[in-house]
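> Would you be able to build a 3D model of this:
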Amino acid sequence: MQMTTDAGPAVAQQRIVWPALGVGIAALALYAATCAPDVLWGDSAALQVRVTSGQLTSPLGLALAHPLYILAARTWSILPFGNAACRVNLFSAICAAATLALVFAFVARLTFRMFGAWVAVIVLGLSHTFWTHAVIAEVYALYALGLATELCLLERYTATGRRAWLMAAFFINGLGVCNHLLAILHVPAYAIFITSRAVRRTLRWQHVLLAGIFWISGASLYIAMIAGEIAVRGDWLAVAKEALTGRPYAEQIGGDAFPFGRQALRTLAAFVWNFPTAAFLAAGLAMAAMRPKGGDTVKRPRMAVASDGNSALARFCVLLLLTNLVFGFLYRVPDQYVFFIPSYVLIAIFVGLGAARAGHTPTWRWMLIALAALPALVYEIVPPILERYDIGLASVRRIPGRREYLHLLRPRKNGDHSARSYGTSALQTAGPGGLILADSTIKPVLIYLRDIEGIGRDVILQAGAETDMKEPTLVTAPEVVRRYADQGRAFICAPEMHLPWLHEQYEFIPAGLIYRLKPRL
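Here you go, the predicted model:
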């Protein structure tokens, strides 16, 4: 079934640009208003340190270097407004807003209808993980922007047959690898997409080779970093493994003792909390539309499967969705939910395609819009209720000054200064010249405040972190800690840190928001 070329659709395509731009501006206003204003916790604080100080590599290995993000966010963050941490956070807002503009254009071009595109961007833009990572320092908004760009380029290729669009898509995917290795999950879908077209002789094999060259060009920064590590270390196999998994996470995919039931529950919880709305079901209509009956396109919006080229595009999206679902399910890390972000983007697109089919009357349209926006209300109402009765997160560690239910379950972060308040208090308590032991959630906050802003500059932190550190630092050895503890100058932020000898040798005496280590008799 071939896509028609009448004047109506051509005019509609031209009218997509301004609404898409409006979507981007509105999304940027939302994310700027709800953006975290300050230093954050954990990985986000580490990225704020790396971006501000220009650290292109990571002590945790190549896979966690994210060089494209560091370079792009650092370029943006030199603008003279707000504090450095806030500027890094706002970079994510810009990437997320641009992503929604492109998703709007993508869905509108597939359906020739604006309504489905509106539903898609509302569902995605208000989903928990996407919104959360649009307002904090993280790499996933930039990843989502790359994915949306690739989809738009592939749509242009299938619509026009111009190979330049395809080559650009391969280049952008290679570039995405320089940001986050989630982009590698696109490769199987690309391989099938391009091979099937070569077999059908709609694409020459030399163009397949050319596409590979464009991919390598896009990924050249990351490839150069890998080559540099091999030149220094010599062990190319170890470097290659590190480049794909990072040093700490090589054993976190699958495994003989894989907790199938636990992973299934965590996966289900991730999708339920990202799409707590019946609008999610509209994706089923899009799936059903992949095989429209004869004459169906006369009465219904044309879907991504209205032509042979767009059928290939639909298969690409489905294969990428399945690849990501399998990977995310097998990846056993605490923040597993975030590794489903390709699926969240694609599901929102399918919801928009389904809404385009369902929204034939004003009543249906208003109902679908209300359902799409429902998660924003859920995120405001439900976390305080769960917090009141301590349901769902009872086993999660508590950090003084941080409301865990709101921090973890509510995407907006405006007004959140909890990390600064805690970190400043900890550094002031330990200073001057004290030693603080902290875990990976708290230590990056202390590093940012100490190394970037100079608060508690003489406080000693234990060596080893997700980011390079300035002196003074010390290796956490029992004899070192004992020396400072005997002088009353050794502190710990979290007594539950996995250092058994600390519990055997010391009592934890509250000192402000942290604890002083008191040697046991």
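
> Hmm, residue 154 is touching residue 165, no?
Yes. Between residue 154 and residue 165 there is a contact at 7.3 Å, judged by Cβ atoms under 8 Å. For the C-beta atoms, the positions are set from N, CA and C on the backbone; glycine is no exception.

> More neighbours: which of these two?
residue 154 (25 against 17; other Cβ atoms under 10 Å).

> does that one count as helix, strand or coil?
helix (DSSP: H, G, I helix; E, B strand; the rest coil).

> Please list all residues in contact with it.
165, 166, 169, 193, 313, 316 (Cβ atoms under 8 Å, 6 or more residues apart in numbering).

> change it to 7 Å
Residue 154 is in contact with 169, 313, 316, counting by Cβ atoms under 7 Å, 6 or more residues apart in numbering.

> Give the closest residue to the second one in space, chain neighbours not counted.
Excluding the flanking residues, the one nearest residue 313 by Cβ to Cβ, 6 or more residues apart in numbering is residue 158, at 5.0 Å.

> any idea how far residue 448 is from that neighbour?
Distance of residue 158 to residue 448, computed by Cβ to Cβ, to the nearest Å: 45 Å.

> Between the two, tell me which one has more neighbours.
Taking other Cβ under 10 Å, residue 158 and residue 448 do not tie; residue 448 has more neighbours (28 against 24).

> For the helix or strand hosting residue 47, give me every contacting residue.
In the assignment (DSSP states H and E), residue 47 maps to helix 42-53. Residues outside helix 42-53 that contact it (Cβ under 7 Å, 6+ apart): 39-40, 70, 73-74, 77, 84-85, 88, 136-138, 419, 440-441, 444-445, 447-448, 451-452, 466-467.

> roughly how far is that helix from the heart of the chain?
Offset of helix 42-53 from its chain centre (Cα atoms, centre = their mean, to the nearest Å): 15 Å.

> Kindly report the same for stretch 437-457.
Offset of stretch 437-457 from its chain centre (Cα atoms, centre = their mean): 23 Å.

> Can you name the residues in contact with it?
By Cβ under 7 Å, 6+ apart, the residues outside stretch 437-457 that reach it are 39, 41-42, 45-46, 48-49, 52-53, 84-85, 419, 422-424, 426-428, 430-431, 436, 459, 461-462, 465-467, 469-470, 476, 492-494, 497.

> Can I have the buried ones of these as a ChimeraX selection?
Here is the ChimeraX selection string for the buried members of these, based on 16 or more other Cβ atoms under 10 Å:
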select :39,41,42,45,46,48,49,52,53,84,85,419,422,423,424,426,427,430,431,436,459,461,462,465,466,467,469,476,492,493,494,497
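
> What about the contacts of stretch 437-457, which are in helices?
When the contacts of stretch 437-457 are checked against helices (DSSP state H), the matches are 42, 45-46, 48-49, 52-53, 84-85, 419, 422-424, 426-428, 430.

> Residue 368 and residue 266: what is the separation?
Remark: distance between residue 368 and residue 266 (Cβ to Cβ) = 29 Å.

> which one of these two has more residues nearby?
More crowded of residue 368 and residue 266, by other Cβ under 10 Å: residue 368, with 27 against 16.

> I'd guessed the more buried one sits against residue 357; true?
No. The criterion here is Cβ atoms under 7 Å, and residue 368 misses it with residue 357 at 10.7 Å.

> And the pLDDT at residue 288?
Note on residue 288: pLDDT of 63.

> what does residue 516 give?
pLDDT, read off for residue 516, is 97.

> quick one, what contacts the spatially most central residue of the chain?
The geometric centre of the chain, computed from its C-alpha atoms, lies nearest to residue 140 (Cα atoms, centre = their mean), at 2.4 Å. Going by Cβ under 7 Å, 6+ apart, residue 140 touches 133, 338, 341.

> Now do the helices for the stretch 251-400 of the chain: every range, in order, please.
Counting by DSSP state H, counting those that start in this stretch, the stretch 251-400 of the chain has helices at residues 260-274, 282-288, 296-299, 308-330, 341-358, 362-389.

> what do you get for the stretch 101-250 of the chain?
Taking DSSP H, counting those that start in this stretch as the test, the helices found in the stretch 101-250 of the chain are 114-125, 128-134, 140-160, 163-177, 187-199, 205-218, 220-233, 236-245.

> how far away is residue 504 from residue 487?
Taking Cβ to Cβ as the measure, residue 504 falls 20 Å from residue 487.

> mind showing which ranges of the stretch 201-350 of the chain have poor pLDDT?
246-256, 284-310 (pLDDT under 70).

> now do 50
Scanning the stretch 201-350 of the chain for pLDDT under 50 picks out 292-306.

> Quick check: nearest residue in space to residue 122, chain neighbours excluded?
Excluding its sequence neighbours, the residue lying closest to residue 122 (Cβ to Cβ, 6+ apart) is residue 372, at 4.0 Å.

> Look at residue 382 and say how many residues are nearby.
18.

> Could I get the pLDDT score of it?
97.

> what number of residues lie near residue 264?
Counted with other Cβ under 10 Å, residue 264 comes out at 11.

> Could you measure from it over to residue 325?
Distance, residue 264 to residue 325, by Cβ to Cβ: 12 Å.

> same check, this time on residue 115
Separation of residue 115 from residue 325 (Cβ to Cβ): 27 Å.

> Among these two, which residue is more densely surrounded?
Ranked by neighbour count (other Cβ under 10 Å), residue 115 and residue 325 place residue 115 first, with 21 against 17.

> before we move on, the earlier item: how about the helices of the stretch 101-250 of the chain, which one is nearest residue 63?
Of all these, helix 236-245 sits nearest to residue 63, with 5.7 Å by Cβ to Cβ.

> In PDB, list the C-alpha atoms belonging to that closest one.
Provided in PDB are the C-alpha atoms of helix 236-245 (Å, rounded to 0.1, in the frame of the first residue of the first chain):
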ATOM      1  CA  TRP A 236      42.400  -4.900  24.500                       C
ATOM      2  CA  LEU A 237      39.900  -7.500  25.600                       C
ATOM      3  CA  ALA A 238      39.600  -6.000  29.100                       C
ATOM      4  CA  VAL A 239      39.200  -2.500  27.600                       C
ATOM      5  CA  ALA A 240      36.500  -3.700  25.200                       C
ATOM      6  CA  LYS A 241      34.600  -5.400  28.100                       C
ATOM      7  CA  GLU A 242      34.900  -2.200  30.100                       C
ATOM      8  CA  ALA A 243      33.700  -0.100  27.200                       C
ATOM      9  CA  LEU A 244      30.500  -2.100  27.000                       C
ATOM     10  CA  THR A 245      29.700  -2.600  30.600                       C
END
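
> Pull out the buried positions in that helix.
Quick answer for helix 236-245 (16+ other Cβ under 10 Å): 239, 241, 242, 243, 244, 245.
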